[in-house]
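Colleague: below are the sequence and a predicted model; questions follow.
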Amino acid sequence: MNILGIHIGHNASAFLLQDGAVIAGLSQEKCDDIKNSADFPADAIRAILNQAQLSTDGIDHVAIAGNQILPRRSYDYLFQNKPTDGHTRSGAVGLALKLEAIMPTALASIIFGPLRAHRHKQRLTQGRKELSQNLSDLGLGQTPCTYVDHHICHARAAYCSLGGTKPALIFTADGSGDGISATVIKVDDQGHWTRLGETPEHASIGGIYSATTRFLGMRPLEHEYKVMGLAPYAKSYADDIYERAFAKTIQVSPNNPYCFESTVDSRKFYDHLAKTAVGERFDNIAAAAQRLIEEQTVQWVERSVAESGVHHAYFGGGLFMNVKLNKRIQELDCLNSAHFMPSCGDESNALGAAYDVALEMGPVQPLKNLYVGLSYSPEEIEGHLKEYGLNYTRPDNLNETIADLLADGQVVARFADGNEWGARSLGNRAILAHPGRMESFFTVNDQIKCRDFWMPFAPSVLDTAADKYLENWTMERTPAPFMITAFQSTELGRKELTAALHRGDGTLRPQVLTPEANADYYDLIQRFEAKTGIGAVLNTSLNRHGKPLAATPVQALDTLVNSGLRHLAIGPFLVSKD
Ligand SMILES: [Fe+2]
């Protein structure tokens with residue numbers, strides 16, 4: 001039984017499940033090289049079917065993530081960095097939005113509510129029509145198709161991918177999806193799912209964070225990690241802006257521990273900030289937003305656990321891309337375990353939708369690892385190297401050669417086997433460097449990545465060395481294989497991983513690596529450890545600024561040719577520029 005899960009919209013993605021097991025997954029951005037591409041993921045679908053040696057005739061069922069499918073043009077508007085006050089719209093819609101903004105809320109909702117609902121319905125009809133055409137174009141027009149609720153997708157992705165145990169709570173939170181911004185689901189001893197609570201989209205804790213991202217001049221649904229990275233640099237008087245603009249705007253409902261309620265409509269939080277936060281320092285605003293989501297989400301989890309009596313939890317949805325929030329959650333005494341879906345934005349919903357349909361037919365398998373993308377033979381890679389006219393060698397022991405270069409302070413990119421799914425490099429499409437030398441940070445950033453000056457890099461750490469560098473790390477409770485949570489560094493961690501930690505607060509966002517997850521990458525780091533005594537490397541994604549994490553040899557070679565990167569280990573080959 002082959003099930004194709006599809007997420008349409010921001011970071012459109014596809015996953016293939018075969019008899020309940022993940023065969024392949026890919027985002028459209030890997031194919032068109034547009035970060036978070038919202039185009040229908042036709043290229044990604046073709047690529048994963050090709051990888052699995054299947055045609056669309058071999059797909060038994062299509063699972064679409066979400067009930068509300070918007071037309072393609074809507075995503076262009078939604079994710080542009082524009083305010084929500086209507087001034088960017090033209091014509092009748094712009095005028096209506098301006099009138100709505102100056103009217104009393106109750107009157108505006110009487111007049112404009114039906115109009116807004118009508119326009120939304122029109123958009124959804126158009127969205128389904130476009131989807132239907134896209135599926136037909138792929139040869140999937142007659143394949144049975146199921147639409148799966150947006151937050152069920154987040155919950156299925158987190159719980160099923162991570163091998164969910166029983167009983168458990170599943171928390172989902174994001175900007176919004178299918179009109180909902182957060183849910184709590186209980187999985188009982190028998191495996192039955194019950195939704196204990198849901199929060200509507202106007203009280204979205206994730207939406208508040210995204211609105212703050214937009215207010216700070218960054219791109220919502222993409223640059224929230226920059227706001228998080230900025231927060232530790234705030235000054236002590238950040239409390240002022242917190243009290244004035246953020247405190248009490250959203251809280252856990254006094255009457256229902258599973259839901260949030262807000263005093264400010266989170267869809268209009270940009271406008272709220274425009275009235276309360278203009279002129280404030282950008283780092284203080286970032287810190288205030290981070291404090292709000294940490295404090296309120298922790299309360300949500302603590303009160304839900306207390307009410308339900310369930311002490312194992314799974315987390316999915318874009319809010320939990322925030323590794324500092326996840327650090328707070330995993331440290332809670334009320335939880336015996338906390339599991340965070342890797343790359344848990346809407347891209348994970350393609351997998352969640354596929355799991356949901358697969359569960360109707362039988363048991364499903366957890367994700368073994370995230371290396372479920374595209375892989376290439378040495379012959380294919382060599383063909384690309386020749387096309388680029390690059391000089392290359394085929395070292396007898398590539399890992400030993402890479403380890404020598406890293407130990408010598410050189411920066412080396414690594415392109416190996418299947419690409420990792422999601423936003424974070426887990427070693428197969430990576431730029432690696434010595435983590436104990438601060439010049440690594442500047443070389444990687446200035447010559448290749450060009451990231452904002454306050455953003456840290458992260459380490460890949462051998463499981464045998466993790467407790468030396470990470471406070472409160474244990475394999476049993478906090479294995480951290482996916483760079484989706486953070487830890488305070490130990491004194492040794494601050495010394496030996498100095499180029500891979502957050503300079504503002506000394507935290508590390510590690511990938512703790514086991515031989516089972518990636519034997520070849522593990523071997524490489526072991527060789528580096530033998531030369532330096534450090535059981536970790538600095539690991540950042542193989543891409544240039546503004547581009548998605550590379551998936552194909554062409555994307556990797558473009559990065560090499562168009563940046564200050566000097567060494568690229570690709571397949572069994574090593575390319576070194578003069
Ligand atoms: Fe979502």
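Modeller: Yes, it's here. Numbers count the residues shown, from 1 in each chain.
Colleague: give the buried residues for the top helix by length along the chain.
Modeller: Identified as the longest helix of the chain according to DSSP state H is helix 105-138. Across helix 105-138, burial judged by 16 or more other CB atoms under 10 Å covers 108, 112, 123, 124, 126, 127, 128, 130, 131, 134, 135, 138. In this view, the C-beta of every residue, glycine as well, is placed from N, C-alpha and C.
Colleague: now for those residues: which two are most distant?
Modeller: 108 and 138 (42.4 Å; CB to CB).
Colleague: now residue 213: how far from residue 12?
Modeller: 21 Å (CB to CB, to the nearest Å).
Colleague: of the two, which one has the most company?
Modeller: residue 12 (29 against 24; other CB atoms under 10 Å).
Colleague: quick one, phi psi at that one?
Modeller: phi -60, psi 140 (degrees, to the nearest 10).
Colleague: so which strand or helix has the residue of the chain found nearest the ion?
Modeller: In the chain, no residue comes nearer to the ion than residue 174, which is 3.4 Å away by CB to the ion. In the assignment (DSSP states H and E), residue 174 maps to strand 168-177.
Colleague: that older thread, now do the longest helix of the chain, average pLDDT.
Modeller: Taken as a whole, helix 105-138 carries a mean pLDDT of 88.
Colleague: kindly report the same for stretch 398-406.
Modeller: So the average pLDDT for stretch 398-406 ends up being 98.
Colleague: send me it as CSV with only the CA atoms.
Modeller: C-alpha atoms of stretch 398-406 as CSV (Å, rounded to 0.1, in the frame of the first residue of the first chain):
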residue,chain,number,x,y,z
LEU,A,398,37.9,10.3,2.5
ASN,A,399,36.9,10.6,6.2
GLU,A,400,40.5,10.6,7.3
THR,A,401,41.3,13.3,4.7
ILE,A,402,38.4,15.4,5.9
ALA,A,403,39.3,15.0,9.5
ASP,A,404,42.9,16.1,8.7
LEU,A,405,41.6,19.2,7.0
LEU,A,406,39.2,20.1,9.9
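Colleague: ok, residue 328 touching residue 296?
Modeller: No. Using CB atoms under 8 Å, residue 328 is not in contact with residue 296, being 11.1 Å away.
Colleague: list the residues that contact both of the two?
Modeller: Shared contacts of residue 328 and residue 296, defined by CB atoms under 8 Å, 6 or more residues apart in numbering, are absent.
Colleague: what's the span of stretch 413-428, first residue to last?
Modeller: With CA to CA, to the nearest Å as the measure, stretch 413-428 spans 9 Å from end to end.
Colleague: sticking with the residue minimising distance to the centre of the chain, tell me its helix or strand.
Modeller: Nearest residue to the geometric centre of the chain (CA atoms, centre = their mean): residue 343, 3.1 Å. In the assignment (DSSP H and E), residue 343 maps to no helix and no strand.
Colleague: report the contact partners of it.
Modeller: 321, 370, 421, 422, 423, 424, 482, 484.
Colleague: at 10 Å what do you get?
Modeller: 11, 13, 25, 27, 157, 318, 321, 351, 370, 420-424, 482-484 (CB atoms under 10 Å, 6 or more residues apart in numbering).
Colleague: again with residue 146
Modeller: Counted by CB under 10 Å, 6+ apart, residue 146 has contacts 3, 5, 61, 62, 63, 64, 353, 354, 356, 357, 360.
Colleague: are the helix or strand that contains it and the ion in contact anywhere?
Modeller: Using DSSP H and E, residue 146 sits in strand 145-148. No. Judged by CB under 5 Å from the ion, strand 145-148 makes no contact with the ion; its nearest approach is 12.2 Å.
Colleague: quick one: the next helix or strand after that strand to strand 168-177, angle?
Modeller: Per DSSP H and E, the first helix or strand lying C-terminal to strand 145-148 is helix 150-161. Here the directions of helix 150-161 and strand 168-177 differ by 140 degrees (axes from the mean of the first three to the mean of the last three CA atoms, to 10 degrees).
Colleague: so what does helix 150-161 touch, helix or strand wise?
Modeller: strand 2-7, strand 61-65, strand 168-177, strand 180-187, strand 193-200, strand 312-316, strand 337-340, helix 349-359 (3 or more CB pairs under 10 Å, 6 or more residues apart in numbering; DSSP states H and E).
Colleague: pLDDT of it, averaged?
Modeller: Mean predicted confidence for helix 150-161 is 98.
Colleague: please apply the same query to stretch 18-29.
Modeller: Mean predicted confidence for stretch 18-29 is 97.
Colleague: just the CA atoms of stretch 167-187, as PDB, please.
Modeller: Extracted as PDB, the C-alpha positions of stretch 167-187 are listed here (Å, rounded to 0.1, in the frame of the first residue of the first chain):
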ATOM      1  CA  PRO A 167      -0.500   7.000  27.300                       C
ATOM      2  CA  ALA A 168       0.700  10.400  26.100                       C
ATOM      3  CA  LEU A 169      -0.300  14.000  25.500                       C
ATOM      4  CA  ILE A 170       0.300  15.600  22.100                       C
ATOM      5  CA  PHE A 171       0.600  19.400  21.900                       C
ATOM      6  CA  THR A 172       0.300  21.100  18.600                       C
ATOM      7  CA  ALA A 173       0.800  24.900  18.100                       C
ATOM      8  CA  ASP A 174       1.500  27.100  15.100                       C
ATOM      9  CA  GLY A 175       0.300  30.400  13.500                       C
ATOM     10  CA  SER A 176      -2.900  28.700  12.400                       C
ATOM     11  CA  GLY A 177      -4.200  25.900  10.200                       C
ATOM     12  CA  ASP A 178      -7.800  25.100   9.400                       C
ATOM     13  CA  GLY A 179      -8.800  27.900  11.700                       C
ATOM     14  CA  ILE A 180      -7.100  26.500  14.800                       C
ATOM     15  CA  SER A 181      -3.800  27.600  16.400                       C
ATOM     16  CA  ALA A 182      -3.200  25.000  19.100                       C
ATOM     17  CA  THR A 183      -4.600  21.600  20.300                       C
ATOM     18  CA  VAL A 184      -4.000  19.100  23.100                       C
ATOM     19  CA  ILE A 185      -4.700  15.500  22.300                       C
ATOM     20  CA  LYS A 186      -4.600  12.600  24.700                       C
ATOM     21  CA  VAL A 187      -3.600   9.100  23.600                       C
END
